[in-house]
Structure formats: structure tokens, C-alpha cells
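# 3D model of this:
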Amino acid sequence: MPTAQLSKNQKIFDLLSEVMDPEIPVINVIEMGIVQEITLEDSSLSVTITPTYSGCPAMDMIANDIKEKLQDNGYTEVKIIEVLSPAWTTDMMTDEAKAKLKAYGIAPPNRSSSDESNPFGKPKECPNCSSTNTKLKSHFGSTPCKSLYVCSDCLEPFDYFKCH
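Residues are numbered from 1 along each chain as shown. Just a heads-up that it's a prediction; the model follows:
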């Protein structure tokens with residue numbers, strides 16, 4: 001690929017790194033692993049994204065935010081393509097995203113998606129006090145991709161980002 005094309009793709013990548021997940025505003029769509037492909041041909045730009053969950057309510061907003069960010073930076077012909085295959089897994093999240101989740105108060109996913117023995121995993125520790133003494137309160141947290149846990153030591157409730 002020519003150097004000019006590489007630098008254009010890096011600019012697009014950098015712009016997409018400024019688009020935050022609306023449900024977790026400390027993580028961008030690149031770190032989250034939502035962006036699957038960027039294709040730039042002449043003046044036409046396509047960005048392929050995949051939802052973290054089928055029917056994720058944030059995907060329309062994410063698609064609009066991506067398109068707006070790119071159009072605001074001179075890309076006039078922007079097409080957002082949403083795909084379900086390959087399915088998104090928490091393995092697609094960067095380590096930086098997982099660290100940001102914890103700092104934000106959400107326990108990051110704690111297993112590989114290929115681990116069949118523990119379907120959603122469980123938090124390694126409370127993101128507030130680092131205790132391993134936690135209990136599942138509800139399989140459903142503040143969004144469909146999270147479970148609600150309570151720390152038995154600090155007594156604080158917290159979301160756990162489900163593995164899948």
C-alpha cells in the first residue's frame with residue numbers, strides 16, 4: 001500500500017479513536033473492538049462495525065457518531081456497514097480498554113470467549129477496593145452487556161462487563 005494511503009488510513013484510525021462508546025464514555029470504538037474494517041477508495045470511505053450484542057441499542061448512536069466525526073473532518077462520502085459476523089467478543093477489547101473499565105468502576109471481562117466452562121466469567125475483583133469477595137446480584141446490570149455484582153467487603157455494587 002502506498003505511503004499516502006497508509007497515512008490517510010492512520011488519520012481515519014486516529015479520528016475513530018476519538019469516538020467514544022456512548023454507554024462507557026471512557027472507551028473509544030477502536031479500543032472496544034467495534035471497528036472491524038476501514039476502506040478508503042477515491043473519495044468514498046466505508047467503516048465496518050459490529051455490535052457488542054445483537055440488538056445493542058447504542059449501535060445507531062455509534063454509527064452516527066462515527067459518520068459525523070469523519071464528515072466533520074472532510075470525508076464527505078461515508079458509509080457505515082454493520083455486520084454480525086464475525087460476532088464481537090470481549091477478546092476484541094484492548095488491554096487498555098479493560099484497564100479503563102476498571103478505573104471507571106466497571107469490572108472488566110475475566111476470561112477468554114473460548115472458555116466454555118464459565119459462560120459469562122465472573123469478576124476477578126471489585127473495581128472499587130480490589131477485593132475478591134464479590135457476589136452476583138443480577139445477571140442484568142445497567143446495560144445488557146453487564147451483570148450486577150456487590151462487593152462483600154466494601155459493600156459497593158458494581159457492573160461486571162460480561163464475557164462473550
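
# This structure: helices as residue ranges?
3-16, 29-32, 59-72, 95-104 (DSSP state H).

# elements contacting the second one?
Judged by 3 or more C-beta pairs under 8 Å, 6 or more residues apart in numbering; DSSP states H and E, helix 29-32 is in contact with helix 3-16, strand 20-21, helix 95-104. Bear in mind the C-beta positions are built from the backbone N, C-alpha and C, glycine included.

# and the chain, what are its domains?
According to automatic domain parsing, the chain comprises the domains 3-82, 92-161.

# Mind putting these into a markdown table with mean neighbour count?
As requested, the domains of the chain are exported to a markdown table (neighbours: other C-beta atoms under 10 Å):
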| stretch | mean neighbour count |
| --- | --- |
| domain 3-82 | 16 |
| domain 92-161 | 17 |
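
# Now tabulate those in a markdown table and tack on mean pLDDT.
Output for the domains of the chain, formatted as a markdown table (pLDDT from 0 to 100):
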| stretch | mean pLDDT |
| --- | --- |
| domain 3-82 | 90 |
| domain 92-161 | 88 |
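
# Distance across stretch 74-85, terminal residue to terminal residue?
End-to-end distance for stretch 74-85: 30 Å, by C-alpha to C-alpha, to the nearest Å.

# Name the residues that touch that stretch?
12, 36, 43-51, 54, 59, 63, 66-67, 70-71 (C-beta atoms under 8 Å, 6 or more residues apart in numbering).

# For the most centrally placed residue in the chain, which residues are in contact?
Nearest residue to the geometric centre of the chain (C-alpha atoms, centre = their mean): M32, 2.7 Å. M32 makes contacts with D21, I24, T52, M92, M93, A97, as judged by C-beta under 8 Å, 6+ apart.
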